[in-house]
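Trainee: no sequence on this one, just coordinates:
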């Protein structure tokens, strides 16, 4: 039996992304079932009346309707996936800070009356941790990457996949803030051709599958590195079912 140690943040990431995949596949499968049931009923009625069903009645109307919104489904899926990933990074940073509060050292001056309002040093460290995590959560991915690299001595992700994550985050940003229309910030961040300005960014299934693979592998690898380096206590041991569920998300959901 395979057993691996993961942080609660990692387990939460995969739980959320699994629910996400199940939700969208439920919509797709239910739509197909509606068409199949309707067509079955049409054929049965036609047989009773001893006549051929009209071609129009045999069309997959619900499925065709869903195809119209398939791009929107992929866009929403990508956005929520990126949010789950960013939440994981924030949560795992909090775990690291609480295990090694010395990482929080800085030249920032803290007033004595601010320190004295806490009953214990642990309360003070917890507050500083929350403040730093909140501050970093609003940073760009590149700034966050640099923080992990310079302060933690761990790369969030290898250079070959860094651009994939950066692009996914920027797509999420234009989706939320600009109706998924490419703006100048998107072009500058990804160093793209100016001719793309004003075009809508469409999400293809193959692209989403690639992002899913990269993020899943990244979370598992980063989690393992941080657990070993900082001896994170906020962990759980998971067995075959957890590993199996991850693999299903990476393969069956394509």
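Mentor: Perfect, thanks for sending it. Source: prediction; values computed, not measured.

Trainee: quick one: neighbours of residue 64, just the number.
Mentor: The tally of other residues near residue 64 (other Cβ atoms under 10 Å) stands at 11. From N, CA and C alone the C-beta is placed, and that goes for glycine too.

Trainee: that one and residue 213: what is the separation?
Mentor: Note on residue 64: its distance to residue 213, by Cβ to Cβ, to the nearest Å, is 30 Å.

Trainee: same question for residue 38.
Mentor: Residue 38 is 36 Å from residue 213, where distance means Cβ to Cβ.

Trainee: please enumerate the helices of this protein.
Mentor: Per DSSP state H, the chain carries helices over the ranges 8-48, 61-68, 70-99, 112-116, 121-137, 141-147, 159-178, 184-190, 205-230, 240-251.

Trainee: what helices or strands is the first one leaning on?
Mentor: It stands for helix 8-48. With contacts defined as 3 or more Cβ pairs under 8 Å, 6 or more residues apart in numbering; DSSP states H and E, the packing partners of helix 8-48 are helix 61-68, helix 70-99, helix 205-230, strand 235-238, helix 240-251.

Trainee: and residue 145, which of these is closest to it?
Mentor: Using Cβ to Cβ as the criterion, the shortest distance between residue 145 and those is 9.9 Å, found for helix 70-99.

Trainee: buried sites along the closest one?
Mentor: For helix 70-99, a neighbour-count test (16 or more other Cβ atoms under 10 Å) marks 73-82, 84-85, 88-89, 91-99 as buried.

Trainee: residues in contact with residue 92?
Mentor: Under the criterion of Cβ atoms under 8 Å, 6 or more residues apart in numbering, the contact list for residue 92 reads 7, 9-10, 222-223, 226, 232.

Trainee: the same query, at a cut-off of 6 Å, please.
Mentor: Residues touching residue 92, when contacts are defined by Cβ atoms under 6 Å, 6 or more residues apart in numbering, comprise residue 9.

Trainee: just the pLDDT at it, thanks.
Mentor: Here, the pLDDT recorded for residue 92 equals 96.

Trainee: how close does it get to residue 11?
Mentor: The spacing between residue 92 and residue 11, counted by Cβ to Cβ, is 11 Å.

Trainee: same question for residue 89.
Mentor: Spatial separation of residue 89 from residue 11 under the definition Cβ to Cβ is 15 Å.

Trainee: for residue 74, same thing?
Mentor: Look at residue 74 and residue 11: by Cβ to Cβ, they are 26 Å apart.

Trainee: over to residue 22?
Mentor: Spatial separation of residue 22 from residue 11 under the definition Cβ to Cβ is 16 Å.
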